[in-house]
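Trainee: Mind folding the following:
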Amino acid sequence: MRKSNGEVDYYFGDHLGSSRVLANSTGTLLDDQDFFPFGGTAGGSSTSGNNYKFSGKERDAESVFDYFEARYAGSNFSRFLSPDPLGGHQLDPQTLNRYSYVRNNPLNLTDPTGLDFNLSCTQTKDNSSTCQGGVQGTTTTDADGKSTFNPTVINNGKDGNLVDQNGNKYSGTFDGQNVNFSKEGSNQSSKGVWKQGTNDTTGIRGSGDFDHFDFTFKNHNAVQTLFAEFTFHGTPDQARSALRKGGI
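Mentor: Numbering: from 1, shown residues only. This next block holds a predicted model:
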């Protein structure tokens, strides 16, 4: 939703969060656009001046580059315009191309970037109230019948525990590639999705090759999509050996 010239307009996104339709309060279409897999405009019309396009990211009108918080992506090039400062993971070769966008799988994945965490999901026709734009959440409806999707956000509560905005507690683990969260009282685990420009997140335990590590994920600077400090319960040589074994 946006307010323009005193009028309220409404966005309608697809499973990637792309702004395919924008309509005003009377139902008149202002935007009706399709996108190619990496974000190029594939047809339709736009009369609204809306700059939020592919996967909901802001598009610079002059350069036609999309702003992904830490980096810009060029839909005409099907890639990012600067390298991922963290590199990739040897166990996942698609990540070793530091310019590639979402492992070259733009039909199913998005790259929101950041530091607090959302929980990933796959949207279907039956779960749109709890999964939109590739992240989990809940839908609320106000007195006027307007529905709003609220992504689940996990961070550190006042007591230092990992909690979401509804007070549910989580445990978090990092295997060198993904951060996974398990809600207290549930056997289900979900992959975390970074959120840009947020506070440090502590209390993430290592798993697998990183079993003896504790991680703090930090908002380091504008060009890094991920930055973490760790505490290792052992000697420096043991830490170096574990990092090499884990591919970092």
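
Trainee: Any figure for the gap between residue 14 and residue 174?
Mentor: Distance from residue 14 to residue 174, counting by CB to CB, to the nearest Å: 30 Å. Where you see a C-beta, it was placed from the backbone N, CA and C, and this is true even at glycine.

Trainee: Have a look at those two and say which one is more surrounded.
Mentor: residue 174 (22 against 16; other CB atoms under 10 Å).

Trainee: wait, what's in contact with the more buried one?
Mentor: 180, 204-207, 210, 213, 215, 228 (CB atoms under 8 Å, 6 or more residues apart in numbering).

Trainee: hmm, which of these are the buried ones?
Mentor: Burial by neighbour count, 16 or more other CB atoms under 10 Å: within the contacts of residue 174 this picks out 180, 204, 206-207, 210, 213, 215, 228.

Trainee: Format those as CSV; extra columns: secondary structure.
Mentor: Converted to CSV, those look like this (DSSP: H, G, I helix; E, B strand; the rest coil):
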residue, secondary structure
180, strand
204, strand
206, strand
207, coil
210, helix
213, strand
215, strand
228, strand
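
Trainee: Closest one of the residues you listed to residue 34?
Mentor: Of all those, residue 34 sits closest to residue 180, with 34.1 Å by CB to CB.

Trainee: so what's that closest one bridging to?
Mentor: residue 173, residue 191 (DSSP bridges).

Trainee: A helix includes residue 244, no?
Mentor: Yes - if the criterion is three-state DSSP, then residue 244 is within a helix.

Trainee: how near is it to residue 238?
Mentor: For residue 244, the distance to residue 238 equals 11 Å [CB to CB].

Trainee: Point out the least confident one among the contacts of residue 174.
Mentor: Lowest in pLDDT among the contacts of residue 174 is residue 228, which has 70.

Trainee: That one is in contact with residue 217, isn't it?
Mentor: Yes - using CB atoms under 8 Å, residue 228 and residue 217 qualify as a contacting pair, with a distance of 4.9 Å.

Trainee: Please identify every residue contacting each of these two.
Mentor: Residues touching both residue 228 and residue 217 by CB under 8 Å, 6+ apart: residue 204.

Trainee: Perfect, I'm done here.
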